[in-house]
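Enquirer: fold the following for me, if possible:
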Amino acid sequence: MKKGWIMLLLGVGLALSLGWGFNQYTALHKARQTIAGYQDVEALNQRSEDFVRAYAQGKHQEYLSKAAANRFAREDNREKDHEDVHMTEDTGLKNVDIKQLYTKKVKDRDDQAESYATLRLQYELGGSNSPADDYIQTFSVHSVWIRENEQWKVNDVDIILTGDTSDDELKRQAQEALENATRARDGE
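Expert: Modelled structure (predicted):
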């Protein structure tokens, strides 16, 4: 009888330890999946930063999905007659400063993500060493990312110019023109 109780206690102990071990194994597996998800978002965040910097310099082709590369090529062919919209280091790009960057995966989709960035481009204009004379643009960039061949690629990008230092100069010129017109009208 004593052996029966001991065997029963050992069996219960074994069952409890197996249950606890299985619980720890599944918790560890979930933790590894969570960490892998965060590492994937961190890698995508870095890729997004690299894309924004490359886009500012006109060197973004390697980041584009096949569909996006085709769209960009079609748009580029339509704009062949116009001046190139991307400034490179050769044409005065002095600094690309990313002010904000946020990347997130699309809910319930492991193969899609979005990133939002605000960047400031500073162009050095010839003839002046003063940073006050530099031409500065501020952009908001929204990128839609997809997984293509196990790598994150930009499938769509929306860029909005949010500020331009030439705006201030144009406002100053408009104000001067208005003041001159008012003086001329008043007979000064």
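Enquirer: low-scoring stretches of this structure, by residue?
Expert: Screening the chain residue by residue with the criterion pLDDT under 70, one finds the ranges 77-91, 126-133, 188.
Enquirer: now for the longest helix seen in it, which elements pack on it?
Expert: Across the chain, the longest stretch assigned as helix under DSSP state H is helix 2-56. Using 3 or more C-beta pairs under 8 Å, 6 or more residues apart in numbering; DSSP states H and E as the contact definition, the elements that helix 2-56 packs against are strand 93-105, strand 112-123, strand 135-148, strand 151-164. (Each C-beta comes from the backbone N, C-alpha and C, glycine too.)
Enquirer: what is the last one packed up against?
Expert: This means strand 151-164. helix 2-56, helix 66-78, strand 135-148.
Enquirer: I'd like the ones you listed laid out as a markdown table, including mean neighbour count and distance to residue 160.
Expert: Compiled in a markdown table, the helices and strands packed on strand 151-164 are given as follows (neighbours: other C-beta atoms under 10 Å; distance: least, C-beta to C-beta, whole Å):
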| stretch | mean neighbour count | distance to residue 160 |
| --- | --- | --- |
| helix 2-56 | 12 | 13 |
| helix 66-78 | 12 | 17 |
| strand 135-148 | 18 | 5 |
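Enquirer: mind putting the ones you listed in CSV, distance to residue 159 included?
Expert: Formatted as CSV, the helices and strands packed on strand 151-164 follow (distance: least, C-beta to C-beta, whole Å):
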stretch, distance to residue 159
helix 2-56, 8
helix 66-78, 12
strand 135-148, 5
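Enquirer: distance of residue 155 from residue 70?
Expert: Computed as C-beta to C-beta, to the nearest Å, the residue 155 to residue 70 distance reads 11 Å.
Enquirer: ok, now residue 105?
Expert: Counting by C-beta to C-beta, the separation of residue 105 from residue 70 is 25 Å.
Enquirer: could you pull up the residues touching the closest residue in space to residue 137 that isn't next to it in sequence?
Expert: If you skip the residues right next to it in sequence, residue 137 has residue 121 as its closest partner in space, 4.8 Å away by C-beta to C-beta, 6 or more residues apart in numbering. Applying C-beta atoms under 8 Å, 6 or more residues apart in numbering, we find residue 121 in contact with 56, 87, 93, 95-97, 136-139.
Enquirer: about what we covered before: now the helices and strands packed on helix 2-56 in CSV, with distance to residue 37?
Expert: Conversion of these to CSV gives the following (distance: least, C-beta to C-beta, whole Å):
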stretch, distance to residue 37
strand 93-105, 8
strand 112-123, 11
strand 135-148, 13
strand 151-164, 14
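Enquirer: which one of these lies nearest to residue 65?
Expert: Ranking those by proximity to residue 65 (C-beta to C-beta) places strand 151-164 first, at 3.9 Å.
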